[in-house]
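J.: what follows is a predicted protein model with its sequence.
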Amino acid sequence: MGKQPNLYAFKDIDHLAKALRKYVLQCQSAGFERHNAFKVAVSGGSLPKTLAKALLAPSDENGSVDFSKWEIFFADERAVPLDHDDSNYKLLKEELLDKIPSSLGKPTVHTIDLQYLDDVQEMADQYQDVLMKSFAAKDSVKIPIFDLLLLGCGPDGHTCSLFPNHEILRESDAWVASVEDSPKPPPKRITLTLPVVTHGVKIAFVATGDGKRKILSDILDTEEGRSLPCGLVNEGGAERVSWFTDNGAVEGVGFPRRGSL
Ligand SMILES: O=C(O)[C@H](O)[C@@H](O)[C@H](O)[C@H](O)COP(=O)(O)O
């Protein structure tokens with residue numbers, strides 16, 4: 001059998017957040033070593049809240065967060081104004097960015113370009129240019145290699161705005177793609193494509209609660225689940241993928257677990 005993703009299960013969100021903190025700090029150190037920056041992509045959903053719990057905790061034996069060298073990108077974003085309730089930026093701002101104390105520094109955050117709200121393909125192309133500028137500075141890049149992608153898992157097995165059976169899953173050239181018919185509202189979005197997601201140095205899913213149990217057992221334990229977007233990330237990222245879950249989400253899941261990081 002090839003190399004497999006890591007599956008960690010914690011008794012509650014507090015324990016998960018502690019482990020996630022340690023993991024993100026390890027990724028941060030690796031990023032600082034690679035290019036004196038930490039290039040991270042984040043999703044919406046429940047992730048920003050858990051991330052805030054992990055990152056805003058006081059410095060500990062695992063080190064401290066230096067947001068001044070963070071470049072935050074959106075793994076997916078909805079084509080809405082930044083103060084709209086559907087905006088992933090707004091969510092991240094309220095849950096995390098606004099709460100960062102000045103002592104931890106200020107991250108650079110790459111938002112969507114609002115002049116393209118009516119043309120999501122243009123918006124995707126423009127966001128790809130933003131990636132190009134950030135990642136091309138040093139390396140001659142064929143694909144941006146994020147230090148870390150922090151992802152959620154939807155009840156249908158979607159991640160970012162990569163939805164099951166959608167043609168976007170076959171995108172092999174673009175780094176950022178547009179979606180005009182998202183099955184989950186709002187319909188218009190942009191998203192990192194599967195090759196970009198699977199090329200990350202590290203890829204983490206955070207999925208908690210009983211509501212995730214069925215989809216996690218599908219993704220991790222069944223043949224059909226492997227062709228769901230999250231399953232494709234598992235396949236492409238293999239041992240670079242880690243699932244941060246709680247006991248409720250993985251009860252009955254047979255996939256081998258790892259105790260600690
Ligand atoms: O823009 C989006 O729709 C989100 O980025 C989405 O991909 C999210 O990560 C999953 O739906 C999981 O959401 P929960 O963590 O809230 O279950």
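T.: Cool, the structure landed.
J.: going forward, measure contacts between C-alpha atoms and count neighbours the same way
T.: Noted.
J.: the lengthiest helix in the chain: what's the following helix or strand?
T.: Ranked by number of residues, the top helix in the chain under DSSP state H is helix 13-35. Heading C-terminal from helix 13-35, the first helix or strand you meet, by DSSP states H and E, is strand 38-42.
J.: how about the CA coordinates for the following helix or strand past that following strand, as PDB?
T.: Tracing the chain C-terminally past strand 38-42 and defining elements by DSSP H and E, one meets helix 47-55 next. Taking C-alpha atoms only, helix 47-55 is exported to PDB below (Å, rounded to 0.1, in the frame of the first residue of the first chain):
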ATOM      1  CA  LEU A  47     -12.200  26.500  10.000                       C
ATOM      2  CA  PRO A  48     -11.500  30.200  10.900                       C
ATOM      3  CA  LYS A  49     -13.000  29.800  14.400                       C
ATOM      4  CA  THR A  50     -10.900  26.700  15.200                       C
ATOM      5  CA  LEU A  51      -7.900  28.300  13.700                       C
ATOM      6  CA  ALA A  52      -8.300  31.400  15.900                       C
ATOM      7  CA  LYS A  53      -8.500  29.100  19.000                       C
ATOM      8  CA  ALA A  54      -5.200  27.500  17.900                       C
ATOM      9  CA  LEU A  55      -3.300  30.600  16.900                       C
END
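J.: may I see the buried residues of helix 47-55?
T.: Judged by neighbour count using 16 or more other Cα atoms under 10 Å, the buried positions of helix 47-55 are L47, P48, K49, T50, L51, A52, K53, A54, L55.
J.: quick check, the last one in contact with V65.
T.: The one in question is L55. Yes - between L55 and V65 there is a contact under Cα atoms under 8 Å: 6.9 Å.
J.: residues in contact with the helix or strand containing C230?
T.: Following DSSP H and E, one finds C230 within helix 229-237. Residues from elsewhere that reach helix 229-237 (Cα atoms under 8 Å, 6 or more residues apart in numbering): 4-5, 153, 157-159, 162-164, 169, 194, 197-200, 203, 219-220, 225-226, 241.
J.: wait, does it contact the ligand?
T.: No - judged by Cα under 6 Å from any ligand atom, helix 229-237 stays clear of the ligand, getting no closer than 10.2 Å.
J.: now the helix or strand just after that helix against helix 13-35, angle please.
T.: On the C-terminal side of helix 229-237, the nearest following helix or strand under DSSP H and E is strand 241-246. Between strand 241-246 and helix 13-35, the angle comes out at 160 degrees (axes from the mean of the first three to the mean of the last three Cα atoms, to 10 degrees).
J.: good, we can wrap up now.
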